[in-house]
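>>> Provide a 3D model corresponding to the input given below.
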Amino acid sequence: MPDLPAFLMNAKSPLFGFFPIALAFIALELIYMKLAHHDADHDTSETAASVGVAIGDILARMITGVIAAVPFYVCYRHRLLDIPLNTAWSWIALFLGTEFFYYWFHRASHRIRWLWATHAVHHSATHFNLSAAIRLGWTGTISGAFVFFLPLAIIGFHPLAIGLMLGLGLVYQFFLHTALPVTLGPLEWVLNTPQHHRVHHASNETCLDKNYGSVLIVFDRLFGTFAAAPADEPLRFGLKGRTPSNNPIRIALSEWSHLWCDVKKASTWRAKAKVLLGAP
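Alright, predicted model coming up:
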């Protein structure tokens with residue numbers, strides 16, 4: 001079995017190494033929006049809270065990484081194929097496979113409350129800007145989010161390559177959160193763009209549970225979850241039915257608290273399972 005510490009270091013490097021760059025872009029966007037008098041798109045306290053959540057996320061990934069590393073390497077050890085990564089086609093196949101499984105992971109994170117308890121952190125910001133991108137839940141590994149990507153290792157893609165592709169996808173997604181009115185013309189039909197992702201983050205009824213893609217938007221179009229921004233109302237952001245907070249710990253864990261309370265209230269095991277696995 002390949003060296004697990006080496007896997008953990010390399011799989012996280014795109015995300016960890018990008019963090020200071022992300023902070024620089026957040027600062028640049030904030031300065032630009034101030035100069036352009038678009039203060040409504042930023043809130044200094046909320047941005048600081050997002051940075052606090054991001055630091056907690058990095059620490060959590062460092063601590064819990066081995067939980068995901070072991071299953072990946074067990075699956076890879078029993079892989080169906082030996083897929084060499086020395087051709088462009090193998091990387092294209094890995095990219096498309098990662099995009100496909102990411103779509104279903106993201107969709108499940110909105111439709112299964114056990115997963116939503118982690119993912120809700122990312123939707124908790126009431127302003128859509130680059131700082132919202134670094135609000136990532138601390139409990140993703142513990143809740144088993146990595147299970148969605150194990151089939152890639154079983155097929156025969158090396159876990160390091162899977163981790164790298166996922167990390168690069170998250171880097172791409174960071175720039176989708178810009179408050180600037182960016183459009184990409186014809187590429188909007190194929191790629192996930194800031195315009196599409198703004199809809200995904202909106203809490204308007206017509207925007208809920210839409211536009212799950214990572215880099216591509218084609219799976220949303222294929223499986224009927226694509227939506228454009230409503231023409232007759234402004235987009236609103238934040239969690240429906242939840243009071244916003246700027247406390248990083250509360251942001252990261254409050255949805256778990258709500259989930260636990262609802263599980264305790266459920267009178268039967270069947271009802272408890274429905275709370276955990278049902279829709280938020």
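
>>> name the element residue 23 belongs to?
helix 4-35 (DSSP states H and E).

>>> Just list what the helix or strand following that helix packs against, helices and strands only.
Next helix or strand after helix 4-35 toward the C-terminus (DSSP H and E): helix 44-77. In terms of contacts (3 or more C-beta pairs under 8 Å, 6 or more residues apart in numbering; DSSP states H and E), helix 44-77 is packed against helix 4-35, helix 130-133, helix 150-155, helix 159-176, helix 248-265. All C-beta atoms are positioned from the backbone trio N, CA, C, and that covers glycine.

>>> Please work out the average pLDDT along helix 44-77.
Helix 44-77 shows a mean pLDDT of 91.

>>> re the thing from before, can you tell me which of the helices and strands packed on helix 44-77 the model trusts least?
Lowest mean pLDDT within these: helix 4-35, at a mean of 73.

>>> ok so, going back, can you list the helices and strands packed on helix 44-77 in JSON lines and add distance to residue 50?
Converted to JSON lines, these look like this (distance: least, C-beta to C-beta, whole Å):
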{"stretch": "helix 4-35", "distance to residue 50": "8"}
{"stretch": "helix 130-133", "distance to residue 50": "4"}
{"stretch": "helix 150-155", "distance to residue 50": "30"}
{"stretch": "helix 159-176", "distance to residue 50": "12"}
{"stretch": "helix 248-265", "distance to residue 50": "8"}
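
>>> of all these, which gets the most neighbours per residue?
helix 130-133 (a mean of 26; mean count of other C-beta atoms under 10 Å).

>>> which residue packs closest to residue 150, ignoring adjacent ones?
residue 75 (5.0 Å; C-beta to C-beta, 6 or more residues apart in numbering).

>>> so how many other residues sit close to that neighbour?
As a burial measure, residue 75 scores 20 neighbours (other C-beta atoms under 10 Å).

>>> Cross-check the contact I'm expecting between residue 187 and residue 193.
Yes - between residue 187 and residue 193 there is a contact at 7.1 Å, judged by C-beta atoms under 8 Å.

>>> before we move on, back to that, and the helices and strands packed on helix 44-77: which comes nearest residue 88?
With respect to residue 88, and counting by C-beta to C-beta, the nearest of the helices and strands packed on helix 44-77 is helix 159-176 at 13.5 Å.

>>> What is the closest one packed up against?
Checking 3+ C-beta pairs under 8 Å, 6+ apart, helix 159-176 ends up next to helix 4-35, helix 44-77, helix 88-111, helix 130-133, helix 150-155, helix 194-201.

>>> Of these, which is nearest residue 177?
Nearest of these to residue 177, taken as C-beta to C-beta: helix 130-133 at 3.9 Å.

>>> what's in contact with that closest one?
Where contact means C-beta atoms under 8 Å, 6 or more residues apart in numbering, the residues beyond helix 130-133 that reach it are 22, 25-26, 29-30, 42, 46-47, 50-51, 122, 125, 173-179, 201, 237.

>>> mind redoing it with 10 Å?
With contact meaning C-beta atoms under 10 Å, 6 or more residues apart in numbering, helix 130-133 is reached by 22-23, 25-30, 42-44, 46-51, 53-54, 122-126, 170-171, 173-180, 197, 201, 237.

>>> Please state the offset of it from the chain centre?
Distance of helix 130-133 from the chain centroid (C-alpha atoms, centre = their mean, to the nearest Å) equals 11 Å.

>>> Stretch 129-141 now?
From the chain centre to the centre of stretch 129-141 is a distance of 7 Å (C-alpha atoms, centre = their mean).

>>> One more: stretch 230-237?
Distance of stretch 230-237 from the chain centroid (C-alpha atoms, centre = their mean) equals 22 Å.

>>> do the same with stretch 151-168
For stretch 151-168, the distance to the chain centre is 17 Å (C-alpha atoms, centre = their mean).

>>> measure that stretch end to end?
19 Å (C-alpha to C-alpha, to the nearest Å).

>>> and if you look at stretch 153-167?
Stretch 153-167 has an end-to-end distance of 16 Å (C-alpha to C-alpha).

>>> Can you report how many residues lie near the nearest residue to residue 262 once chain neighbours are set aside?
Ranked by C-beta to C-beta, 6+ apart and with sequence neighbours excluded, the top spatial neighbour of residue 262 is residue 275, at 4.9 Å. When counting by other C-beta under 10 Å, one arrives at 17 neighbours for residue 275.
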